[in-house]
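1. Just the structure for this:
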Amino acid sequence: MNRVSVDTAGRPPSVDALARELAIRHSLPHAVLVDIARRAIANGSIADVKKIADELASELAQSLLRDVVNATGVLLHTNLGRAPVAVQTINRASNLELNMLTGERGSRQDAVGKLLALLCGAQAALVVNNNAAAVLLVVAALANSRDVAVSRGESVEIGGNFRIPEVTEQSGARLVDVGTTNRTRLRDYQKAIDKRGNDIALVLKVHPSNYRVSGFVEDTPTRELATLSVPVAVDIGSGLIDNTCPWLEGRTPAWLANEPAARQTLKDGAALVMFSGDKLFGGPQCGVIAGRADLVEACAQHPLARALRPGSLTMLSMQSLALAYLDRTVTTEITFWQMATIPVSELQLRAEKIISASGVGEVCSLDSIPGAGSAPGATIASAGIVIAGDHLAKLRKHDVPIIARVKDSKTFIDLRTVRPQDDAVLASALKSLQK
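-> Residues are numbered from 1 along each chain as shown. Below you'll find the predicted structure:
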């Protein structure tokens, strides 16, 4: 076996020898290790080549996408992929765009669109690759070269530099600001529609996500906007399907009290709703457009629709989730709703067992949050484990990384966002903190 060494002439090791040395400690492809070796030799002093190469390999390995245990208490953690979704496939082809009745080419949207439309109480539905894409496509398809009316209080920037004014501009439409930052009434929209020189094709109502103005405020509800002479498209953002939550036993959870839902928004007269698939819906990253059939079809026929369409894995996942909602098997098949509905007493019992197995930590009461701009300000009672000191870095280096949070020099493990199947992994990680 070749070993890294510096010869008597002070020359650096060969690239191949350094790459083979790295392979002993890092499970990375040889071609990747060769590239790392070259960069280490080119950029480091001869004496530090091995150390630099090790650091580069470790950094790359840590940066690769992998499964982690979300112990943060944020159910929809954007940095951790939002709603956890299992990818289920047996490596066969799918009838993504094959009409099984005729044997001819079909649409990837037909079956899933019908299920989502039924679920939302809409005439039709369309899936795109995220909610920003849904808003962009709606405005581009229905208001290109025309005006879109948006309340000044809803002309917001959401995470990832998603700005309503810029999205409107990219769609080819013109933004017409309505009302004021804190108060927008129905008559403000009507005035904008009636104003000479305006050509308003659409009213866009936007879920403000984590942005809130409080105090002397007023906005116009969808049922009032629906009385206007132009269609109303509502970005409800978080993807709650029905605010009565018929898939849950008992009453709607208190933390969902003020969250807009697709079914009720359409019932109030919205022509279209747009929402994320990877938030309260509990699915993969995608966006859904649901509502009037003619408007959904206009979106489907727009040239952007092809650029914004999702792939087969997303469509298969959305189909499975829609069927679970319709079949009322949500709490057994959708991970997000399983996490959201676990009784606190069960979390406390799990915490006690993990502490007993690991010998680390104490049981504590916690408050989880929905996350990802869903139900902003709401909390969900939870329980978990508290450990003195900051152990985040050590937990991240576990075989299956544990992502926790620190406050007041204490590490908190919130079990609401940890699958019960991962309790043993968590116990092992906590036990390793003693070494």
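
2. Please save the CA atoms from stretch 87-103 in CSV.
-> Provided in CSV are the C-alpha atoms of stretch 87-103 (Å, rounded to 0.1, in the frame of the first residue of the first chain):
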residue,chain,number,x,y,z
VAL,A,87,-39.4,7.9,-1.8
GLN,A,88,-41.0,4.7,-2.8
THR,A,89,-40.1,3.1,-6.1
ILE,A,90,-39.1,-0.4,-7.3
ASN,A,91,-37.2,0.9,-10.3
ARG,A,92,-39.9,0.3,-12.9
ALA,A,93,-41.2,2.7,-15.4
SER,A,94,-44.5,4.5,-14.7
ASN,A,95,-47.3,5.5,-16.9
LEU,A,96,-46.4,9.2,-16.3
GLU,A,97,-47.6,10.3,-19.7
LEU,A,98,-49.2,7.2,-21.1
ASN,A,99,-53.0,6.9,-21.4
MET,A,100,-53.7,3.4,-20.2
LEU,A,101,-57.1,3.2,-21.9
THR,A,102,-56.0,4.2,-25.4
GLY,A,103,-52.3,3.3,-25.3
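
3. for this structure, what helix or strand is lowest in average pLDDT?
-> Ranked by mean pLDDT, DSSP states H and E, the weakest helix or strand in the chain is strand 157-158, scoring a mean of 73.

4. what helices or strands is it leaning on?
-> Based on contacts counted as 3 or more Cβ pairs under 8 Å, 6 or more residues apart in numbering; DSSP states H and E, there is no element that strand 157-158 packs against. Any C-beta I mention is one placed from the backbone N, CA and C, and that applies to glycine too.

5. So what does the residue sitting nearest the centre point of the chain have for phi and psi?
-> What sits nearest the mean C-alpha location of the chain, by Cα atoms, centre = their mean, is Arg82, with 3.7 Å. The phi and psi torsions at Arg82 (degrees, to the nearest 10) take the values phi 60, psi -130.

6. Output the below-cut-off pLDDT ranges for the stretch 1-150 of the chain.
-> Applying pLDDT under 70 to the stretch 1-150 of the chain flags residues 1-10, 44, 88-89.

7. Quick one: the strands in it, in order.
-> All strands of the stretch 1-150 of the chain, identified by DSSP state E, counting those that start in this stretch, fall at 69-70, 124-128, 147-151.

8. Work out the gap between the second one and the centre of the chain.
-> If I follow you right, that is strand 124-128. Relative to its chain's centre, strand 124-128 lies at 18 Å (Cα atoms, centre = their mean, to the nearest Å).

9. can you list contacts of that strand?
-> Strand 124-128 has contacts (Cβ atoms under 8 Å, 6 or more residues apart in numbering) with 109, 112-114, 116-117, 134, 137, 277, 286-293, 296-297, 299-300, 305, 308-310, 314-315, 318.

10. Now do the contacts for Arg223.
-> By Cβ under 8 Å, 6+ apart, the contact set of Arg223 is 268-269.

11. buried sites along the helix or strand containing it?
-> Counting by DSSP states H and E, the element that carries Arg223 is helix 222-225. Residues of helix 222-225 classed as buried: 222, 225 (neighbour count, 16 or more other Cβ atoms under 10 Å).

12. got the CA coordinates for that helix in CSV?
-> What follows is helix 222-225, C-alpha atoms only, in CSV (Å, rounded to 0.1, in the frame of the first residue of the first chain):
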residue,chain,number,x,y,z
THR,A,222,-61.7,36.6,-0.1
ARG,A,223,-65.5,36.4,0.0
GLU,A,224,-65.5,40.2,-0.5
LEU,A,225,-62.9,40.2,-3.2
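
13. What's the mean pLDDT across it?
-> Here helix 222-225 scores 96 as its mean pLDDT.

14. neighbours of the nearest residue to Ala23 once chain neighbours are set aside, just the number please.
-> Spatial nearest neighbour of Ala23, excluding adjacent residues (Cβ to Cβ, 6 or more residues apart in numbering): Leu33 at 5.8 Å. Leu33 sits with 23 neighbouring residues when counted by other Cβ atoms under 10 Å.

15. which residues touch Leu33?
-> By Cβ under 8 Å, 6+ apart, the contact set of Leu33 is 19-20, 22-23, 26, 57.

16. pLDDT value on His249, please?
-> One thing to correct before we go on: residue 249 is Glu, not His. Glu249 is given a pLDDT of 80.

17. Over to the one 10 residues further on?
-> As predicted, Glu259 sits at a pLDDT of 90.

18. burial count for it?
-> Using other Cβ under 10 Å, Glu259 is surrounded by 21 other residues.

19. I figured it was touching Leu240, is that so?
-> Yes. The pair Glu259 and Leu240 qualifies as a contact (Cβ atoms under 8 Å) at a distance of 5.1 Å.
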